[in-house]
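Undergrad: below is the sequence, then the predicted model.
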2 protein chains.
Amino acid sequence: MSTVGKALSLLDKLSQLNAEPGLTDVARLCDLDKATARRLLVELEKHGFVEQDPVTRKYRIGSAPVRLARIREARYPFLRIAIPFVKDLAETSEETVHLSEFVGGRLSTIHVEDSPRAHRVIVEIGTPLPFHATASGLAFLAYCGKEQLDAALSRPLEAFTDHTVTEVSAVRRMLAETVERGFSISDQGLESGVVSTAAPIRSPTGLPIGAIAIAAPLVRANATTLHDFGAIVSATAKRISEKYYGSERLAGTRTQAKGTG
Amino acid sequence: MSTVGKALSLLDKLSQLNAEPGLTDVARLCDLDKATARRLLVELEKHGFVEQDPVTRKYRIGSAPVRLARIREARYPFLRIAIPFVKDLAETSEETVHLSEFVGGRLSTIHVEDSPRAHRVIVEIGTPLPFHATASGLAFLAYCGKEQLDAALSRPLEAFTDHTVTEVSAVRRMLAETVERGFSISDQGLESGVVSTAAPIRSPTGLPIGAIAIAAPLVRANATTLHDFGAIVSATAKRISEKYYGSERLAGTRTQAKGTG
DNA sequence: CGCATATGGTTCATATATTGAACCCATGCT
DNA sequence: AGCATGGGTTCAATATATGAACCATATGCG
């Protein structure tokens, strides 16, 4: 793998941790030599992509991505456009709603609106969503290109619960159903006691760029409500896509506007 | 320079452009061979850090930083904490207020709240702030370590306007004044007709991590208002710092909480 | 139309940056 | 003291990155 690939994977790994790792941890997790890990970390730190805690010497994500993200969002305001819809959906469904985006070959949660109820599903920002075991993943796969699909189904499908569907043929059947219905269903595929419905957010080319999902505790998810959820999640996904791609893009010919500080 | 350094610099360059560059542009801007630029771009794209427009073949910042930024902000919510203060300041001052962060050796604008007035200063997110020519930069330099200071003053100081102070000794005097006052002033250092005051946002170690600044049109900035602005910007900076560093940090020992999709 | 120019993209021998085993140095534990 | 663990460094060996030259396509122009 190229060196920058290693560096970016390191960053990715770092983002998936819920505790700050030390040098040795990083090296182990990324399967790198300590010296290599260090050089990458130092280089990433130089540019603000990682930060080393001066006292604990642990490493964490730096603030450079925040800067880049703001620029990206200023030009391609996916979150800004999508979040109001996610909020609406959370209010009307009274369940946890989350938004994911396909980035670097994986589907990751980028926003969550919690259910107002006490008994609710918790999703954390940054959570990677396995394709075969989540409604979001299925919604994505159902509409993505052959290449992505094969990549997702070629490696062994992990069983996260007793209900996880791990047979490729069964997953393919679920994808066909998803296309038919317009939304996907995951019955406790990732977490026991949690049922979700999701729909893909698609670009004008038809290819999905992410998904929006409603996750409800099993006890509140009978067939009727599930299909109601499916219908609104699918409608919402469509509206997000329309607004995002319909919105006038500032890109290209913008006039220079310098400020001062 | 290391390969990852080049890749990250490329990303940085990309973030500073206001139009999407093609392969040749990227190579030229980053002073790289076309082949090298391409390999870096491909690698960055693989990980979602850049995106290539499928029709124009131009390159732009991808969505990976958005994901990382969300994670970073969930743990170290600098923007979430600071933005309300910035808004307040913009309302009370009735001038444009902007927030910058020191990242990768540069001070960059990460948030802006516009003045409600018709005649106002425009600052764009992502704008890099030259240290010697902006109030934010001076505020930062006045409190940063010797190393950073020397780095900033060692290279030739560009004159952006007729008023830009480009003599190192004069800049040092301004820094001394800044420390004395508790806030910095830039009189048309970057843009003619614009005067700014700024104060550093400092970590508990005393070192600045960024700055907050008020930028006003010259006509509205007499000595009195300027000093009033300086006082409130300095007080605000202090409060942001207290809230940011005082706020309980979730980092370290968080319990795993998986969701579903 | 045909030529010239520009841009996106690729190849492969060469040069250079990356690698990792072994190392040092603290700190903390027994 | 002795040992273990973790952060960080060194330098010869080697894998990786580089760039001049290349191809292909597209756009402009007389």
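TA: Received it, and whenever you're ready, just let me know what you need.
Undergrad: the helices in chain A, which residues?
TA: Using DSSP state H, the helices of chain A run over residues A:3-16, A:23-30, A:34-46, A:64-75, A:78-93, A:135-143, A:146-154, A:168-181, A:223-246.
Undergrad: quick one, what contacts the closest residue to A:Phe183 other than its chain neighbours?
TA: Residue nearest to A:Phe183 in three dimensions, not counting chain neighbours: A:Gly230, with 3.9 Å by C-beta to C-beta, 6 or more residues apart in numbering or on different chains. C-beta here means a position set from N, CA and C on the backbone, and glycine is covered the same way. Residues near A:Gly230 by C-beta atoms under 8 Å, 6 or more residues apart in numbering or on different chains: A:181-183, A:185, A:197, A:199.
Undergrad: same check on A:Val112?
TA: Applying C-beta under 8 Å, 6+ apart to A:Val112 gives the contacts A:96-99, A:123-125, B:259.
Undergrad: on that earlier part again, in strands, which of the contacts of A:Gly230 appear?
TA: Assigned to strands by DSSP state E, the following of these qualify: A:185, A:197, A:199.
Undergrad: and the residue of the stretch 51-200 of chain A closest to DNA strand D?
TA: Taking C-beta to the nearest atom of the strand as the measure, the point where the stretch 51-200 of chain A comes nearest DNA strand D is A:Arg57, at 4.4 Å.
Undergrad: can you check the pLDDT for A:Arg254?
TA: A:Arg254 carries a pLDDT value of 33.
Undergrad: outline the domain layout of chain A.
TA: Domain assignment for chain A, taken from automatic domain parsing, gives A:3-66, A:76-246.
Undergrad: give me the distance between the two termini of the longest one.
TA: In domain A:76-246, first residue to last residue: 11 Å (C-alpha to C-alpha, to the nearest Å).
Undergrad: for it, the distance to its chain's centre please.
TA: 9 Å (C-alpha atoms, centre = their mean, to the nearest Å).
Undergrad: hmm, stretch A:17-27 touching DNA strand D?
TA: Yes - looking at stretch A:17-27 against DNA strand D by C-beta under 7 Å from any atom of the strand, the contacts come from A:22-25.
Undergrad: now, which of the contacts of A:Gly230 sits nearest B:Ala139?
TA: Proximity of those to B:Ala139 (C-beta to C-beta) peaks at A:Ala199, which lies at 47.7 Å.
Undergrad: contacts for stretch A:127-137?
TA: Outside stretch A:127-137, the residues that touch it by C-beta under 8 Å, 6+ apart are A:16, A:98, A:100, A:106-109, A:138, A:140-141, A:152-153, A:157-158, A:160, A:164-166, A:171, A:183-186, A:189-190, A:196-198, A:210-213, A:215, B:258-261.
Undergrad: change it to 6 Å
TA: A:100, A:106-109, A:141, A:152, A:157, A:160, A:164, A:171, A:184, A:186, A:189-190, A:196-198, A:211, A:213, B:259-261 (C-beta atoms under 6 Å, 6 or more residues apart in numbering or on different chains).
Undergrad: filter these down to the buried ones, ChimeraX style.
TA: To isolate the buried ones among these in ChimeraX, judged by 16 or more other C-beta atoms under 10 Å in any protein chain shown, type:
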select /A:100,106,107,108,109,141,152,157,160,164,171,184,186,189,190,196,197,198,211,213 /B:259,260,261
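Undergrad: residues from the stretch 101-250 of chain A in reach of chain B?
TA: For the stretch 101-250 of chain A, the contact set with chain B under C-beta under 6 Å from any C-beta of the partner chain comprises A:101, A:103-104, A:108, A:110, A:122-127, A:129, A:134-136, A:190-191, A:194, A:196, A:213, A:215.
Undergrad: could you measure from the residue nearest to A:Phe183 over to B:Ala82?
TA: When distance is defined by C-beta to C-beta, to the nearest Å, A:Gly230 is 40 Å away from B:Ala82.
Undergrad: how about the contacts of A:Gly230 in TSV, adding distance to A:Arg72 and pLDDT?
TA: Listed next are the contacts of A:Gly230 as TSV, based on distance: C-beta to C-beta, whole Å; pLDDT from 0 to 100:
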residue	distance to A:Arg72	pLDDT
A:Arg181	33	96
A:Gly182	29	96
A:Phe183	28	98
A:Ile185	32	97
A:Thr197	29	98
A:Ala199	24	98
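Undergrad: what's the pLDDT at the residue nearest to the spatial centre of chain A?
TA: Centroid-nearest residue in chain A: A:Ser108, 1.8 Å away (criterion: C-alpha atoms, centre = their mean). Looking at A:Ser108, its pLDDT is 96.
Undergrad: residues touching A:Arg60, list them.
TA: A:Arg60 makes contacts with A:20, A:51, as judged by C-beta under 6 Å, 6+ apart.
Undergrad: bridge partners for it, pull those for me.
TA: Beta-bridge partners recorded for A:Arg60 (DSSP bridges): A:Glu51.
Undergrad: same question for A:Arg106.
TA: A:Val103.
Undergrad: any low-confidence regions in the stretch 151-261 of chain A?
TA: Per-residue confidence for the stretch 151-261 of chain A (pLDDT under 70) gives these ranges: A:247-261.
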